[in-house]
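Undergrad: below are the sequence and a predicted model; questions follow.
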Amino acid sequence: MEKIAVFPGSFDPITKGHESVIKRALPLFDRIVVAMGVNTTKNYLFPKEQRLEWLHQIFEGEPKIEVREYSQLTVDFCKEIGAKYLLRGLRNSLDFNYEKNIAHMNQAMEPDIETIFILTTPDLAAINASIVREIYKNKGNIQQFIPQKINIPQP
């Protein structure tokens with residue numbers, strides 16, 4: 001049976017931290033689906049089409065990574081594609097507490113889906129998409145915080 005993991009997120013924008021966690025998890029799975037979902041509590045800065053394009057650019061040429069979009073509950077998307085694992089990155093204890101609660105709720109809804117946590121590397125631990133958005137909105141240069149394969153011009 002193929003080991004499929006889903007790395008869900010809104011990727012507004014994708015950061016070097018996201019990219020690092022996904023690439024470092026590759027040896028653990030047969031396939032990782034980078035899944036751009038809809039968070040009803042977020043007001044997105046970058047359009048959905050742009051975020052999907054960036055994901056495709058970053059993971060182009062990596063046969064074990066697939067980029068998909070979804071709009072249902074993450075566990076339902078996992079069931080739909082046969083994924084038994086959710087992959088999440090952790091920067092700090094705040095992330096852990098937040099992600100642990102989501103993992104427990106997902107486990108209650110779908111006991112067969114396991115959440116796997118991977119720590120970010122220390123050099124990327126401070127990068128946060130919310131902070132990157134604020135830097136961008138205030139006309140700061142965000143290139144050092146996002147993957148090299150994408151270029152987001154300053155506003």
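TA: Received the coordinates, thanks.
Undergrad: helices of the chain, residue ranges please.
TA: Remark: helices assigned in the chain by DSSP state H are 16-25, 48-59, 74-81, 93-109, 129-137.
Undergrad: convert the C-alpha atoms of the third one to CSV, please.
TA: What follows is helix 74-81 as a C-alpha-only set of coordinates in CSV (Å, rounded to 0.1, in the frame of the first residue of the first chain):
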residue,chain,number,x,y,z
THR,A,74,-8.9,18.0,5.4
VAL,A,75,-9.7,14.5,6.7
ASP,A,76,-12.3,14.0,4.0
PHE,A,77,-9.8,15.1,1.4
CYS,A,78,-7.3,12.5,2.8
LYS,A,79,-10.0,9.8,2.6
GLU,A,80,-10.8,10.8,-1.0
ILE,A,81,-7.2,10.4,-2.1
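Undergrad: specify the angle between it and helix 93-109 in degrees.
TA: 60 degrees (axes from the mean of the first three to the mean of the last three C-alpha atoms, to 10 degrees).
Undergrad: how about the last one?
TA: Compare the direction of helix 129-137 with that of helix 93-109 by the same axes, to 10 degrees and you get 120 degrees.
Undergrad: and helix 129-137, average pLDDT?
TA: Helix 129-137 shows a mean pLDDT of 95 in the predicted model.
Undergrad: the nearest residue to residue 119 once chain neighbours are set aside: how many residues sit nearby?
TA: Spatial nearest neighbour of residue 119, excluding adjacent residues (C-beta to C-beta, 6 or more residues apart in numbering): residue 90 at 5.4 Å. For every residue, glycine as well, the C-beta is placed using N, CA and C. Residue 90 is flanked by 19 other residues according to other C-beta atoms under 10 Å.
Undergrad: distance of residue 142 from residue 113?
TA: Distance of residue 142 to residue 113, given as C-beta to C-beta, to the nearest Å: 33 Å.
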